[in-house]
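Q: Give me a 3D structure for the following:
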Amino acid sequence: MQRKRKLVRFINRSKLVSLILLIAISATLLADLLKVITEKMEHYFFHFYQENPLKILIGISPLIGLLAIFSIRKFIFSNKPNKGITEVIENLNSQKRTLKKDRIFSHFVNGWLTVIFGGSTGIEVSTVVSTAAIGSVAGDFVNRKEISNWLVMAGVSAGITALFNAPLAGIFFVVEVLMTNFSMTALSITVLSALTAGGLNYFMNQESFFQIAQTDWHMQAMPFFFLLGGIAALFSVYLTQTIIRVKKKFSEISSGFIKVLLGGLLIGTGILVFPSLYGEGYLTIKNLLTGNADKIGFGIVSSTYQYWQVILILCMILLFKPIITSFTLASGGDGGVFAPSLFLGAIVGFLVAQFINQTGLGHVVEINFVIVGMAAVLSASIHAPFTAIALVLGLTGNYQILLPTLITSLVAFGFARKIQPYTVYSYNPAR
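A: Numbering: from 1, shown residues only. Model prediction:
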C-alpha cells in the first residue's frame, strides 16, 4: 500500500514537472517572439517617419495603434478592460481562475500594436499577463487552485527571464511582486521555470539587450550614488502619481472612442515635438550608454544642438515622458511602467553625472550612472529592488557595478516607499 502511494506521488510530481517545463518553453517562445517582432517593427516605423518628407505623420501614428486596439477589444474581446499586472494579482488572490486563454492573444497583440505605433510604454506588462495566462490555462490540468497559482508564477518567471535574458529577474519579480504567500515549493517551481527559459534563450543565442563595455567604479563616487537614489525615488513617485491622476481623469470620459481620440492626439503631439518619446525608448537608452547623447532625435525643428541645448531638451523629455506614458495607458494602450522607468532612470543618471562632472564636484563614469539610474527608478516604481537590480544588470551585462546598483536601488526603494506606500499595480482608489 505504501509503495503504491509512493508510485502515485512520483507520477503526480512527474506530471507537474512536465507541465512546468511545457509552460516555461511556451512562455519563453512567446516572450522572445513578442520582443523580436516589436523591436523590428518599432524600428521600421520610427525610421520610416523620421526619413519621410512628411515627418508630421509620426503625430498620427499612436492614434492609428490605439484605434486598432479599440476595435480589437470591442469586436473580438467583448470590451474586456485591460488591468495589466493587476489582472495577474487578482487571479492569484481569487478562488477561481480568472485569467482565460483569450488574454494570451489579446495582451500579445495589443502590447505589440501599442509600442510599434509609438505608444510611450513597453511590452513588459503585456508579456507578464500573456505568460501568466499560459500558466493559468495549464491550471485546467490540476485540481487545486494553489497548484494553478504556482503554474501562473512559472509562466511569469519564464516570460520575464526570456524578455530580459535574466533568470534572476524572473525569479525575483515573482517573489517580490506576485508571491504573497511564500513557500519553498512555489519558489522551486519559479526557479525551475526561470532556469528552463534561461537555458532555452542561451540555446537560441539570445544576448544582453544593451551590449556595452565593462566599466569600473571607485568608492569616492558612493555619496553621489546616494544622491542619485534620492532623485530617482522622486521621479518614480512623479511617474506613479501622473499615471494614477491621468487615468482618473480619463475614467470620467464615458465614450471609449473619445478616450482613444484624445489620447492618440495628445501622444502624437508629444512625439512630434520629442520623437525620443516614441515607443519603448530603448534607442535613447542605447545612445546614452554609448556616449551618444547628441545623436538622440529631439524634434522636428532642428537636428543639431549645442551641449547646453542637449541638456535642456533632456530635462524637458524627463518631465514629459510620464505624461505621455500616462496618456498611452489611460486611452487604452497595453503596457506598464517597466520601460518608462528604465527610460527615466537612464536620463536621470546621465544628467546627475553631467552635473557632477561639469560643476567639478567630482569625476564619475557617466555610463555607470545611466545603468544605476535605470535600476534605481525601476526599483522605486515597482517596489521590487532585487528585480530591478537583476533585470538591469542582465540587460547590460555589467556586473562590476553590482554594489553601487544594490545600494542606490535600495535607497530609491526605501525613499519612494516612505513617500508613497503603493505602486501603479498595488494602488487601490477605494482605500
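Q: so where's the stretch 101-250 of the chain shaky on pLDDT?
A: Along the stretch 101-250 of the chain, segments meeting pLDDT under 70 span 207-208, 211, 213-214.
Q: Which parts of it are strands?
A: For the stretch 101-250 of the chain, strands defined by DSSP state E, counting those that start in this stretch do not occur.
Q: Helices of the stretch 101-250 of the chain, start to end?
A: In the stretch 101-250 of the chain, the helices defined using DSSP state H, counting those that start in this stretch lie at 102-116, 124-138, 145-164, 167-173, 184-203, 222-251.
Q: again with the stretch 251-400 of the chain
A: Ranges of helices in the stretch 251-400 of the chain, per DSSP H, counting those that start in this stretch, are 256-273, 282-289, 307-330, 338-359, 366-382, 385-396.
Q: now for the single longest helix found in the chain, which elements pack on it?
A: For the chain, the longest helix by residue count, based on DSSP state H, is helix 2-51. Secondary-structure packing of helix 2-51 (3 or more CB pairs under 8 Å, 6 or more residues apart in numbering; DSSP states H and E): helix 102-116, helix 124-138, helix 145-164, helix 184-203, helix 282-289. Just so you know, the C-beta spots here come from the backbone N, C-alpha and C atoms, and that holds for glycine as well.
Q: could I get those as TSV with mean neighbour count and distance to residue 270?
A: Below are those laid out as TSV (neighbours: other CB atoms under 10 Å; distance: least, CB to CB, whole Å):
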stretch	mean neighbour count	distance to residue 270
helix 102-116	23	15
helix 124-138	28	20
helix 145-164	28	26
helix 184-203	19	34
helix 282-289	22	14
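Q: Pick the most buried one from the helices of the stretch 251-400 of the chain.
A: For the helices of the stretch 251-400 of the chain, the largest average neighbour count (mean count of other CB atoms under 10 Å) is found in helix 366-382, namely a mean of 30.
Q: Can you tell me which helices and strands that helix packs against?
A: Checking 3+ CB pairs under 8 Å, 6+ apart, helix 366-382 ends up next to helix 222-251, helix 282-289, helix 338-359, helix 385-396, helix 402-419.
Q: picking that back up, skip ahead from the longest helix of the chain and say which helix or strand is next.
A: Going down the chain from helix 2-51, the next helix or strand is helix 61-75, by DSSP states H and E.
Q: Show me what counts as buried in the following helix or strand past that next one.
A: Following helix 61-75 in sequence order, the next helix or strand is helix 85-93 (DSSP H and E). For helix 85-93, the neighbour count (16 or more other CB atoms under 10 Å) marks 85-89, 91-92 as buried.
Q: now swap in stretch 215-234 and tell me
A: In stretch 215-234, counting by 16+ other CB under 10 Å, buried: 217, 221, 224-225, 227-234.
Q: Relative to the whole chain's centre, how far out is it?
A: Averaged C-alpha coordinates place stretch 215-234 at 23 Å from its chain's average position (CA atoms, centre = their mean, to the nearest Å).
Q: Output that stretch as PDB, nothing but the C-alphas.
A: Once non-C-alpha atoms are left out, stretch 215-234 reads as follows in PDB (Å, rounded to 0.1, in the frame of the first residue of the first chain):
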ATOM      1  CA  THR A 215      33.300  49.600 -16.600                       C
ATOM      2  CA  ASP A 216      34.800  50.000 -13.100                       C
ATOM      3  CA  TRP A 217      33.900  52.400 -10.300                       C
ATOM      4  CA  HIS A 218      35.500  54.000  -7.200                       C
ATOM      5  CA  MET A 219      34.400  54.400  -3.700                       C
ATOM      6  CA  GLN A 220      34.700  58.200  -4.000                       C
ATOM      7  CA  ALA A 221      31.600  58.100  -6.100                       C
ATOM      8  CA  MET A 222      29.400  56.400  -3.400                       C
ATOM      9  CA  PRO A 223      28.000  59.700  -2.000                       C
ATOM     10  CA  PHE A 224      26.800  60.600  -5.500                       C
ATOM     11  CA  PHE A 225      25.100  57.300  -5.800                       C
ATOM     12  CA  PHE A 226      23.200  58.000  -2.700                       C
ATOM     13  CA  LEU A 227      22.200  61.400  -4.300                       C
ATOM     14  CA  LEU A 228      21.100  59.500  -7.400                       C
ATOM     15  CA  GLY A 229      19.000  57.200  -5.300                       C
ATOM     16  CA  GLY A 230      17.100  60.100  -3.800                       C
ATOM     17  CA  ILE A 231      16.500  61.800  -7.100                       C
ATOM     18  CA  ALA A 232      15.400  58.500  -8.700                       C
ATOM     19  CA  ALA A 233      12.800  58.000  -6.000                       C
ATOM     20  CA  LEU A 234      11.300  61.400  -6.600                       C
END
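Q: Let me know whether residue 91 touches residue 97 as I believe.
A: Yes: contact criterion CB atoms under 8 Å: residue 91 and residue 97 qualify, at 6.7 Å.
Q: Check the gap between residue 104 and residue 381 for me.
A: Plainly put, residue 104 is 26 Å away from residue 381 if you go by CB to CB, to the nearest Å.
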